[in-house]
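# Provided below are the primary sequence and the corresponding predicted coordinates.
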Amino acid sequence: MQQYFIDKLEVSLKERVPLSELDSHHFLNVMRAKIGTEIKVVDRKGFAYVAQLVEINEQIALLEIVRSDETISIELPVNVTIACGLSKNDKVDTIVQKATECGMNEFIPLALKRDVVKWTGNKVKAKVDRLAKISKAAAEQSHRLVVPEVSDLQTLDQLIKTADSFDVKLIAYEETAKEGLHSQLAEVFRQLEPSQKVLMVFGSEGGLESKEVEKLEAAGFLACSLGPRILRAETAPIYFLSALSFALELGKV
């Protein structure tokens, strides 16, 4: 069943709610919905409902809430923020899309020393807005109950200033892998508790400078290996989230 997010804090049965102009276009013209078509909608509190198309008014789809959707929660048991350096081409787009599908809650684009590309001026807002659209589309496609937030571009110092709000702070660092230290991440996963906030920092193609790692470690971050193989910038966050999902969800089935 197709899913969309609606811009309401909460809804009630039989209430009529409109889809946004963009979502209405997709629902009516791409999905070719007709009067009576049912879809899943999620409000801003993360509650899901089944709704039915009852009216089309000036190309806006009007839905009526039919019933609550009592499916089990599909969100990760912990809250995960991915902070990532700026990679070239559409790699950041890919990271946001796939990380959303894998359960990420927030994405922070990070300006690092070895970044291949730089976001400046008006480009920053345009990039963030684009990533927010990608996050929303991926959340709908994967039937998430929340849309991951896309933060404004941050420097490393800005990230560190807000890092105390996280319970667990990690760095994906390839030098740790070269030293053959692969057990830290597994141990972190074992100690995680439900609802904890996890922040994981990744470099771009050029990786993190040693001084950046030292600054993060001084702020309480733990450098972790993602295994014996060196992963591409766009692969590492997805690998991390997949491993986390297995440790907290699939591995306990």
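That came through, no problem. These figures come from a predicted structure and were not determined experimentally.
# pLDDT wise, what is K118 at?
What the model reports for K118 is a pLDDT of 90.
# let's verify it: helix, strand, or coil?
The assignment at K118 comes out as coil when based on DSSP: H, G, I helix; E, B strand; the rest coil.
# look up how far V124 lies from L63.
35 Å (C-beta to C-beta, to the nearest Å). C-beta here means a position set from N, CA and C on the backbone, and glycine is covered the same way.
# ok, now A172?
24 Å.
# neighbour-wise, which of the two wins?
The neighbour comparison of A172 against V124 (other C-beta atoms under 10 Å) goes to A172, with 25 against 15.
# these two touch, right, the more buried one and F221?
No - with contact defined as C-beta atoms under 8 Å, A172 does not count as touching F221 (10.6 Å).
# where do the contact lists of those two overlap?
Counting by C-beta atoms under 8 Å, 6 or more residues apart in numbering, the common neighbours of A172 and F221 are V201.
# now V116: closest residue in space that isn't a chain neighbour?
K88 (4.7 Å; C-beta to C-beta, 6 or more residues apart in numbering).
# same check, this time on G46
L145 (4.1 Å).
# just to check, that neighbour is in contact with V42?
Yes - between L145 and V42 a contact is recorded at 5.6 Å, counting by C-beta under 8 Å.
# who has more neighbours, the two?
Legend: neighbour count by other C-beta under 10 Å for L145 and V42, higher for V42 (21 against 18).
# isn't E140 right up against I6?
No - E140 is beyond contact range of I6, at 11.2 Å (criterion: C-beta under 8 Å).
# where along this structure do the helices fall?
21-25, 91-101, 122-141, 156-162, 174-178, 184-191, 210-218, 236-248 (DSSP state H).
# the longest one - what's its average pLDDT?
So that's helix 122-141. Rounded mean pLDDT across helix 122-141 is 95.
# report pLDDT for the residue nearest to V116.
pLDDT, K88: 90.
# same question, E179
At E179, pLDDT is 56.
# cool, and V253?
At V253, the model reports a pLDDT of 44.
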